[in-house]
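# what's the 3D shape of this:
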Amino acid sequence: MIVVALPEILGHLDASLTWGSWVIVSYLVAMAAMQPLGGSLGDRFGRRRLVVLGLGGFLLSSLAAAVAPSIEAVIAARTAQAVFGAITLPNGTALVRTLIPRERQGRALGLIGTGIGAAAAFGPPLGGLITDAFGWRWIFLANVFVIVPAMVLAVRIPRQEAEGRSRFDLLGGALLLVSLVSLALAATVWRVPDAPALSTPALAVIGIVAGAWFWRHARRATSPVLDLALFSRRGYLPAGLTVMFSNMTMYTIFLAVPLFAAQILGWPPHQVGLVLAAMSVPMMLLGPVAGWASDRYGNRLPALAGCVIALGGVVLFTFVSAGWSQGDLLLPLIAVGVGMGLSSAPVQTAALQAARHEEAGRAAGLYSTMRYLGSISCSAGIAAVLGATAAVPEFRSLFLLLVGAAAAAVLAATRLPAKRASGQAAAVSGTEALAQGRTR
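The predicted structure follows:
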């Protein structure tokens, strides 16, 4: 909902497009940095407990955003939302890995993808209607009607014991956060009027140094906040790269199309929201189909097909012009939505199945970090390419760069593992069944 309301938020609070990018980037950076820690907390203290805690914190943060008096306060509230969201999401995903038999995990993640697609489909048009009727503050207040029922459902999740009692990697978490924040700011601060000339290179150096220190620390720590050893597991790295580049593609379109429609085509928020549903609805409808295909044929085939279709949709966006109508936008949006709907569940299934039962939370957290790294890159790229004011050539340049990201997702998807041998899958399922029996 915030995507279609962003132009009104910036206008009401007298803020530039660069501040608008920080409204998005602050959320994504905190999500990327905190989700591995959120997954580790779930492994330690119980995943259901962390899901309920995260939902409650997200609700309070939404109320804070609704009464924010300035753009800085909105960004602070959005960052708090991300912290609590980072506690919730990896633990919800890890519960699929630990509570559902392996042979049905693809379908389960496909159904969850349907829920995500429904939220993405109804969020933009609903956000547009709410913004037009009541103002942008109500897009945050509307979260009450979603989160309260979610908390009621969350307490009904089967209780699980904690998997481990290792110490928290606070140093690793701090280094990761500093690195991501510094690099994200370096990519956008140079667009801010009157920003010091040395701010961009200084922030870039800080980000690179912190990132290198984090990499060195993570390889030596006993229980790092990001378990880099997961990348050595068969299928995990290709899944992480695929979701990173796919999310870069999807999120850029979700952010750039409303800006193009509002600034170039002059559309009102509700019209923008309805058009964005052309991408979200296929994602919603194809989630279960993709999950079924993943369980039956393996993860590589549906994931690769989806990435190729999404690439075709992005190529169509490179021909965007000021004369485009609503119909012109529909075809590329539908293509990208179909592609994302087909690839999402298989890619996530491949990542979770590469991890052991006891490290499901850490695996889900690292996978989510890879996803949000793509979102961070796209948000920073939008600010860098479009600037404070953008015309059609800048939007074309943005979509042309996006073709490279979509092509990289296709390449990564080709490295996903094919279907496991039946004997191996049965052995793994038996081991996990014993682990689940002990947990229950």
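
# ok now the strand or helix carrying residue 145, how far from the chain's centre?
If you go by DSSP states H and E, residue 145 is part of helix 144-154. How far helix 144-154 lies from its chain's middle: 21 Å, per C-alpha atoms, centre = their mean, to the nearest Å.

# which other helices and strands contact that helix?
Where contact means 3 or more C-beta pairs under 8 Å, 6 or more residues apart in numbering; DSSP states H and E, helix 144-154 is packed against helix 47-66. C-betas here are computed from N, CA, C, even on glycine.

# do you know the pLDDT at the residue lying closest to residue 67 once chain neighbours are set aside?
Spatially, and ignoring its direct neighbours in sequence, residue 67 is nearest to residue 137 (7.3 Å; C-beta to C-beta, 6 or more residues apart in numbering). At residue 137, the model reports a pLDDT of 92.

# what does residue 188 give?
62.

# circling back to that earlier point, so the residue nearest to residue 67 touches residue 66, yeah?
Yes - Residue 137 is in contact with residue 66 according to C-beta atoms under 8 Å; the separation is 4.8 Å.

# wait, isn't residue 240 in contact with residue 367?
Yes - between residue 240 and residue 367 a contact is recorded at 6.1 Å, counting by C-beta under 8 Å.

# shared neighbours, these two?
Taking C-beta atoms under 8 Å, 6 or more residues apart in numbering as the criterion, residue 240 and residue 367 both touch residue 351.

# could you look up the SS state of residue 14?
For residue 14, the assignment made with DSSP: H, G, I helix; E, B strand; the rest coil gives coil.

# picking that back up, mean confidence for the helix holding residue 145?
91.

# returning to what we had before: residues near the residue nearest to residue 67, how many?
18 (other C-beta atoms under 10 Å).

# phi, psi of it?
phi -60, psi -30 (degrees, to the nearest 10).

# and the gap between it and residue 73?
12 Å (C-beta to C-beta, to the nearest Å).

# surely residue 276 meets residue 254?
Yes - at 6.8 Å, residue 276 counts as touching residue 254 under the criterion of C-beta under 8 Å.

# mutual contacts of those two, please.
In contact with both residue 276 and residue 254: residue 3, using C-beta under 8 Å, 6+ apart.

# more neighbours: which of these two?
Ranked by neighbour count (other C-beta under 10 Å), residue 276 and residue 254 place residue 276 first, with 27 against 23.

# which residue, other than its chain neighbours, is closest to that one?
Distances taken as C-beta to C-beta, 6+ apart place residue 124 nearest to residue 276, at 4.1 Å, with adjacent residues excluded.

# residues near residue 156, how many?
Counted with other C-beta under 10 Å, residues neighbouring residue 156 total 7.

# got any ranges where the stretch 101-250 of the chain has weak pLDDT?
Within the stretch 101-250 of the chain, the stretches with pLDDT under 70 are 120, 160-168, 184, 187-195, 225.

# so where do the helices sit in it?
Ranges of helices within the stretch 101-250 of the chain are 105-134, 138-141, 144-154, 170-188, 199-220, 236-263, based on DSSP state H, counting those that start in this stretch.

# select, out of those helices, the one closest to residue 288.
helix 105-134 (4.4 Å; C-beta to C-beta).

# of all the residues in that closest one, which ones are buried?
Using 16 or more other C-beta atoms under 10 Å as the test for burial, helix 105-134 gives 105-110, 112-114, 116-118, 120-132.

# many thanks, I have nothing further to ask.
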